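Undergrad: got a sequence here, can you build the structure:
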Amino acid sequence: MAAKHVKPNFSPSQVSEMVERLFGRTPSEIRSLPSYDDQNFHVAAAGGGEYVLKIMNSADSGSPVLIELQTCAMSFLNRSGLPAQTALPTTSGQLMSLEEIDCGYGCQKYLVRLLTYLPGTTISKVSYTPQLLYETGKTAATMDKILQEMEHPNLSVLQREKFIWSLSNITLLETYIDILDGDPLQEVIKSVIHQYKTSVLPKYSSFRKCINHGDFNDLNVLVQPDESGGYKISGILDFGDMHSGYYIHELAITIMYMMMEHPNPIEVGGPVLAGWESVLPLNKAEKECLYVLVLSRFCQSMVLSRYTVTLHPENAEYLMISSRKGRPILRQLWELGAEQVEKVWFQSAVQFSDRT
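TA: Numbers count the residues shown, from 1 in each chain. Prediction:
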């Protein structure tokens with residue numbers, strides 16, 4: 001897990017100086033954007049144009065090959081027709097710059113990129129129609145299918161063996177489970193981990209491998225109004241959790257996060273699943289494991305956000321968003337049980353597909 005003080009803490013004046021020096025653009029306005037463990041700024045340039053300056057935390061900044069690969073993946077998706085950001089080169093022609101600066105913790109190195117700004121609002125702020133959820137599932141599947149075609153000499157760095165946010169590593173949560181001592185949800189989470197070990201791990205040989213975005217959440221998907229009075233997806237953000245994984249993982253992550261803002265969370269799974277299967281139909285093993293994998297992602301969110309707050313109490317409000325909203329949903333899904341939840345998801349997916 002991340003060490004203390006990895007999150008950067010750059011001031012607006014430091015940001016302004018960097019944008020001008022590295023990218024030859026003079027900011028007319030700088031606004032901080034929310035972030036989990038990096039630092040993001042919306043930058044409006046004096047000569048026109050809007051950008052996002054992304055400053056990676058000091059831990060991830062030690063993996064420049066991984067960050068470069070994420071940047072290439074964004075460009076690859078963009079060229080393939082999906083709305084991903086692209087990086088603007090520095091004045092010396094690089095896609096990023098390693099800056100050694102003291103922003104309160106002594107001199108540390110931070111990777112800096114200037115990305116294109118994508119218009120839209122986060123999907124968390126609009127009402128989730130079944131059609132929008134369908135498009136979200138379809139976009140997630142399309143994204144992973146395109147990423148599977150990407151060629152790069154350093155693809156092996158995506159084998160992030162002990163990456164704590166990978167759904168392949170649910171058993172690593174046991175190291176942190178004590179942080180929930182006294183929390184009634186701790187027993188539910190222990191039970192989910194046990195189910196993962198007994199019902200999911202034996203089926204991994206049947207899952208189809210791919211490259212996962214890994215964090216297709218309600219703050220990383222942007223939407224804009226479309227001509228039919230609904231919304232279309234206008235942006236896919238934050239590839240910091242990209243790793244080698246499985247198609248079924250991306251679907252489980254997408255369903256879990258789309259449940260967060262829905263008035264009746266259990267209804268989310270059907271349309272997202274229908275959208276996903278319009279691109280990548282699930283096989284038998286993947287269908288059988290979807291419920292436990294969705295619950296597993298809730299468990300990751302609960303445990304890891306609580307742990308990260310102990311490192312960064314000043315960022316507690318943002319860090320606990322998913323955890324706070326997810327608590328009652330995790331409990332509801334667990335109490336309903338696999339059979340009932342799967343019946344709702346798979347029957348409504350079929351009904352939705354029949355209508356489209």
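Undergrad: report the central residue of this protein.
TA: Taking C-alpha atoms, centre = their mean, the centroid of the chain lies closest to D215, which sits 1.5 Å from it.
Undergrad: list the contacts of the closest residue to that one other than its chain neighbours.
TA: Here the nearest residue to D215 in space, its sequence neighbours aside, is D241; by C-beta to C-beta, 6 or more residues apart in numbering that works out to 4.2 Å. Backbone N, C-alpha and C define where each C-beta goes, glycine included. Residues in contact with D241, defined by C-beta atoms under 8 Å, 6 or more residues apart in numbering, are F163, W165, N212, H213, G214, D215.
Undergrad: measure D241 to N220 for me?
TA: Relative to N220, D241 is positioned 9 Å away (criterion: C-beta to C-beta, to the nearest Å).
Undergrad: what's the first helix or strand after the helix or strand of the chain at the bottom of the mean pLDDT ranking?
TA: Sorting the helices and strands of the chain by mean pLDDT, DSSP states H and E puts helix 316-319 at the bottom, at a mean of 69. Secondary structure here is assigned by DSSP states H and E; on that basis, the next helix or strand after helix 316-319 toward the C-terminus is helix 321-336.
Undergrad: name the residues that touch that following helix?
TA: 185, 188-189, 191-192, 217, 256-257, 259-261, 265-266, 291, 294-295, 298-299, 301-302, 305-306, 341.
Undergrad: now it: mean pLDDT?
TA: The predicted model gives helix 321-336 an average pLDDT of 90.
Undergrad: got the CA positions of it in PDB?
TA: Taking Å, rounded to 0.1, in the frame of the first residue of the first chain, the C-alpha atoms of helix 321-336 are listed here in PDB:
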ATOM      1  CA  ILE A 321     -17.200   8.600  -0.600                       C
ATOM      2  CA  SER A 322     -17.500   5.100  -2.100                       C
ATOM      3  CA  SER A 323     -17.100   3.400   1.200                       C
ATOM      4  CA  ARG A 324     -19.900   5.400   2.900                       C
ATOM      5  CA  LYS A 325     -22.400   4.900   0.000                       C
ATOM      6  CA  GLY A 326     -21.400   1.300  -0.500                       C
ATOM      7  CA  ARG A 327     -22.000   0.100   3.100                       C
ATOM      8  CA  PRO A 328     -25.800  -0.300   2.800                       C
ATOM      9  CA  ILE A 329     -25.600  -1.700  -0.800                       C
ATOM     10  CA  LEU A 330     -23.000  -4.400   0.200                       C
ATOM     11  CA  ARG A 331     -25.300  -5.400   3.100                       C
ATOM     12  CA  GLN A 332     -28.400  -5.600   0.900                       C
ATOM     13  CA  LEU A 333     -26.700  -7.700  -1.800                       C
ATOM     14  CA  TRP A 334     -25.300 -10.000   0.900                       C
ATOM     15  CA  GLU A 335     -28.600 -10.500   2.600                       C
ATOM     16  CA  LEU A 336     -30.500 -11.000  -0.700                       C
END
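Undergrad: who are the packing partners of the helix or strand following it?
TA: Secondary structure here is assigned by DSSP H and E; on that basis, the next helix or strand after helix 321-336 toward the C-terminus is helix 338-355. Taking 3 or more C-beta pairs under 8 Å, 6 or more residues apart in numbering; DSSP states H and E as contact, the helices and strands that helix 338-355 lies on are helix 269-277, helix 284-311.
Undergrad: deepest-packed of those helices, please.
TA: Per-stretch averages of neighbours, counted by mean count of other C-beta atoms under 10 Å, single out helix 269-277 among the helices and strands packed on helix 338-355, with a mean of 27.
Undergrad: what's the angle from it to helix 284-311?
TA: Regarding helix 269-277 and helix 284-311, their directions subtend 110 degrees when assessed with axes from the mean of the first three to the mean of the last three C-alpha atoms, to 10 degrees.
Undergrad: could you pull up the mean pLDDT of helix 269-277?
TA: Mean pLDDT, taken over the full extent of helix 269-277, equals 98.
Undergrad: so how far is that helix off the chain centroid?
TA: Taking the mean of its C-alpha atoms, helix 269-277 sits 18 Å from the chain's own mean (C-alpha atoms, centre = their mean, to the nearest Å).
Undergrad: try stretch 113-131
TA: Taking C-alpha atoms, centre = their mean, one finds the center of stretch 113-131 at 13 Å from the center of the full chain.
Undergrad: who's in contact with the top strand by length along the chain?
TA: When the chain is scanned for its longest strand (criterion: DSSP state E), the result is strand 107-116. Counting by C-beta under 8 Å, 6+ apart, the neighbours of strand 107-116 from elsewhere in the structure are 5, 8, 10, 18-19, 22-23, 25, 43, 51-58, 60-62, 64, 67, 71, 74, 85-88, 90, 95-103.
Undergrad: give me the sheet partners of the helix or strand following that strand and which way each runs.
TA: Moving toward the C-terminus from strand 107-116, the first helix or strand encountered (DSSP H and E) is strand 121-122. For strand 121-122, the pairing partners within the sheet under DSSP bridges are strand 221-225 (antiparallel).
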